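In: any chance you could fold what I've pasted below:
(chains A, B, C and D)
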There are 2 protein chains.
Amino acid sequence: MSRLISQKPIGKVRNMKKQITKDSYHHGDLRKTLLQDATDIIRESGIEGLSLRKLADRAGVSRAAPYHHFKNKNELLCAIAEEGFRQKQRQARKNFDDNTRSMQERFNSFMKDYVNFAFENPELYELMFGRSIWKQQSSTKELRNAAYPCFQHQMAMIKIWQETGLLNDNENTLRLTQVIWGTLHGIAKLMIDGIYIDPTQIEGVCDCAIKVFINFKSTQE
Amino acid sequence: MSRLISQKPIGKVRNMKKQITKDSYHHGDLRKTLLQDATDIIRESGIEGLSLRKLADRAGVSRAAPYHHFKNKNELLCAIAEEGFRQKQRQARKNFDDNTRSMQERFNSFMKDYVNFAFENPELYELMFGRSIWKQQSSTKELRNAAYPCFQHQMAMIKIWQETGLLNDNENTLRLTQVIWGTLHGIAKLMIDGIYIDPTQIEGVCDCAIKVFINFKSTQE
DNA sequence: AATCAATCTTGACATAGTCAAGAATACGGT
DNA sequence: ACCGTATTCTTGACTATGTCAAGATTGATT
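Out: Residues are numbered from 1 along each chain as shown, chains lettered A, B, ... in the order given. Prediction:
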C-alpha cells in the first residue's frame, strides 16, 4: 500500500523532498542515507549544525528511525569520523607509494597533504579529532580500528624515512612520530579554529615545519 | 525582608546549599560567583557538564538570573577562557623572567610548562582552545585581548632565544613561533583527548620536541 | 519618600536526544 | 498462498537545555 493513501494524518505527509527516492514504509537503505546526509550537513554547517531530528527529517523518516541504525548520536558521529580516517589513510598511502618521487618529495607532500586535508575538510577534521567522540568511553571500537592504523602507517613511513637518512635515525621512532603528528595536528587545529594561524599563512608555516624536521639531524644528547 | 518568609511557593525554597552565602533577593556578586562556580564545574565535569540552569541552581538563583551578567552562555565561556589565558601567561612570564637560569633551561621549562598546564587543566585547556568559543564570530573582544598577548609574548621570547643562539636565527620568527605553538598545542590536544599520545608518554614526547627545536640550526635553503 | 536603574523571578517557547509501545512490512518456511 | 517472526519505522512522551519577555524586588539617588 502506498504511503500516500495510508491512514496518516494529512498535512504531515512527510517531507517534501524525498518522495523521489522513497514512498514506502521501509526506506531501503536508511543507514547509508543517514551517513551520507549527515556528512553533508557537517560539511556545510559543522557538527553543531547536525541534529538527529533534522537528519531524520531530511531522510524523510520519523525522528526515532535513526535509532534503529545507530545506537545514539555518538555512534553516528563515530561512523562518520571512521570514514574520515579511512579517507585520510588512502591519501597518505597513495602519496607514499608513489615510487616516481624522492623520499624528500614524499615527505613534503605528506606534511602538506595533512594540513590540506584539514583545510579542505575542516568540519570533518574537527569531528575526527574532536573531543566529542574521543572523550572517555565514547569512541567505538570501529572508530579506533580505523584511527589506529593511520598512526601505525605514519610510524612505518617515518621509520623508513629515518632509515634512508631523511629523518634523524637516532631518535626513537614512536616519539618522533608523536611529535610530528602533534605538530601537524596543532597547526591544523590552530588554523581551523582561527587561533594564531591564519589560513593564508599555512604554506609558510608548513614549510617551516618541514625544515625543522628535515634539519633535525645531529642528536646531541 | 528575609527570603525565607517571602511569598515564595513552599517547596521550591531554593537550593539547599547556598543559604549560607545568601538570603536576600539580590545576590551580592552573582557575576563573580557564576564565574567561580562555572570554572569549578568545568574542571570537574568538563564543558559539556556545564549548563546555565545547573549553574544558576548552584548559585541559588533562578535560571534567568545569569543572563543579567552574561549575554549568553558563550560569553560566560569566553570569560572563563579569558582568565585561563591570563593565568597561562603569568606562568610563562614568571618562567622566562627567572634570570637565575640559563636560556636553555628556560626554554625547556617553557615547553614542559605548556604541556603540563594542559595536563593539569585539561578541561580548561579544551575550553581555551576549543572551537566552541573560537568558531566564527563567537569569541568576544575581551577573549581576543587576553589570548593574543599570549602569542605575542611567546614570539618575543622566541626572538630572544633566536638572538642568543639557542634557536635558529635564520628562520622567520613568526613562522617559528607558529610552528612551536602548533607543536605544543598538538601534543597537548592529542594527549588530553587520548589520541595517539598517552599521558604517561608526555615526558618523552616533550623531550623529543625540545630536541627537535634545539637541534634545528643550520638552515639549508 | 519618590523614582529610576539594576537585579532577580516566573512563565513560556523551541530545540534536542532518547525511549517505550505499537504499526507496517519483508521474509523464510510450510 | 499463508503465517509467524524479525526488521524497520512511527507516534507519544519525557527530560534537559538555552533563551526571552514581562513583571517583581531592591538599592541608590535625588
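
In: keeping just the C-alphas, turn the helix or strand where residue A:123 lies into PDB.
Out: Per DSSP states H and E, residue A:123 falls inside helix A:122-128. Extracted in PDB, the C-alpha atoms of helix A:122-128 (Å, rounded to 0.1, in the frame of the first residue of the first chain):
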ATOM      1  CA  PRO A 122      37.600  21.500   8.500                       C
ATOM      2  CA  GLU A 123      34.400  20.200  10.000                       C
ATOM      3  CA  LEU A 124      35.200  16.600   9.300                       C
ATOM      4  CA  TYR A 125      38.700  17.100  10.700                       C
ATOM      5  CA  GLU A 126      37.200  18.700  13.900                       C
ATOM      6  CA  LEU A 127      35.000  15.700  14.200                       C
ATOM      7  CA  MET A 128      37.700  13.200  13.700                       C
END
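
In: now do the same for residue A:2: its pLDDT.
Out: Residue A:2 is assigned a pLDDT of 36 by the prediction.

In: just the buried positions in the helix or strand following the helix holding residue A:123, please.
Out: Counting by DSSP H and E, the next helix or strand C-terminal to helix A:122-128 is helix A:131-134. For helix A:131-134, the neighbour count (16 or more other C-beta atoms under 10 Å in any protein chain shown) marks A:131-134 as buried. From N, CA and C alone the C-beta is placed, and that goes for glycine too.

In: now do the same contact list for the residue nearest to residue A:58 when sequence neighbours are not counted.
Out: Distances taken as C-beta to C-beta, 6 or more residues apart in numbering or on different chains place residue A:37 nearest to residue A:58, at 5.2 Å, with adjacent residues excluded. Counting by C-beta atoms under 8 Å, 6 or more residues apart in numbering or on different chains, residue A:37 touches A:55, A:58-59.

In: any idea how far residue A:184 is from the residue positioned nearest the centre of chain A?
Out: Among the residues of chain A, the one closest to the centroid is residue A:84, at 3.2 Å (C-alpha atoms, centre = their mean). Note on residue A:84: its distance to residue A:184, by C-beta to C-beta, to the nearest Å, is 15 Å.

In: just residue A:52 next, same as before
Out: The gap separating residue A:52 from residue A:184 is 32 Å, by C-beta to C-beta.

In: who has more neighbours out of these two?
Out: residue A:184 (24 against 18; other C-beta atoms under 10 Å in any protein chain shown).

In: tell me the secondary structure for the more buried one?
Out: Put simply, residue A:184 is helix when judged by DSSP: H, G, I helix; E, B strand; the rest coil.

In: what do you get for residue A:165?
Out: Classification of residue A:165 by three-state DSSP places it in coil.

In: run a quick neighbour tally on it.
Out: Residue A:165, neighbours per other C-beta under 10 Å, totals 10.

In: likewise for residue A:130?
Out: 20.

In: over to residue A:99?
Out: Residue A:99: 7 neighbours (other C-beta under 10 Å).

In: give me phi/psi at it?
Out: Dihedral pair for residue A:99: phi -70, psi -10, per degrees, to the nearest 10.

In: which pLDDT value goes with it?
Out: Value for residue A:99, per-residue pLDDT: 96.

In: what do you get for residue A:29?
Out: The model's pLDDT for residue A:29 equals 86.

In: for it, give its distance to DNA strand C.
Out: 12 Å (C-beta to the nearest atom of the strand, to the nearest Å).

In: same deal with residue A:147?
Out: For residue A:147, the distance to DNA strand C - C-beta to the nearest atom of the strand - is 21 Å.

In: can I assume that residue is in contact with residue A:85?
Out: Yes - the criterion here is C-beta atoms under 8 Å, and residue A:147 meets it with residue A:85 at 4.9 Å.

In: more crowded one of the two?
Out: Neighbour tally, residue A:147 and residue A:85, criterion other C-beta under 10 Å: the higher count belongs to residue A:147, 25 against 20.

In: secondary structure element holding that one?
Out: Assigned by DSSP H and E, residue A:147 falls in helix A:141-163.

In: any buried residues in that helix, and which?
Out: By neighbour count on 16+ other C-beta under 10 Å, the buried set for helix A:141-163 is A:143, A:146-147, A:150-151, A:154-155, A:157-159, A:161-162.

In: so which of the residues you listed also contact chain B?
Out: Counting by C-beta under 8 Å from any C-beta of the partner chain, A:147, A:151 from those sit close to chain B.

In: switch the buried residues of helix A:141-163 over to JSON lines; also include pLDDT.
Out: Output for these, formatted as JSON lines (pLDDT from 0 to 100):
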{"residue": "A:143", "pLDDT": "98"}
{"residue": "A:146", "pLDDT": "98"}
{"residue": "A:147", "pLDDT": "98"}
{"residue": "A:150", "pLDDT": "98"}
{"residue": "A:151", "pLDDT": "98"}
{"residue": "A:154", "pLDDT": "98"}
{"residue": "A:155", "pLDDT": "98"}
{"residue": "A:157", "pLDDT": "98"}
{"residue": "A:158", "pLDDT": "98"}
{"residue": "A:159", "pLDDT": "98"}
{"residue": "A:161", "pLDDT": "98"}
{"residue": "A:162", "pLDDT": "98"}
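
In: and of the buried residues of helix A:131-134, the nearest to DNA strand D?
Out: residue A:132 (15.4 Å; C-beta to the nearest atom of the strand).

In: check contacts around the closest one.
Out: Here residue A:132 is in contact with A:47, A:74, A:77, A:138 (C-beta under 8 Å, 6+ apart).
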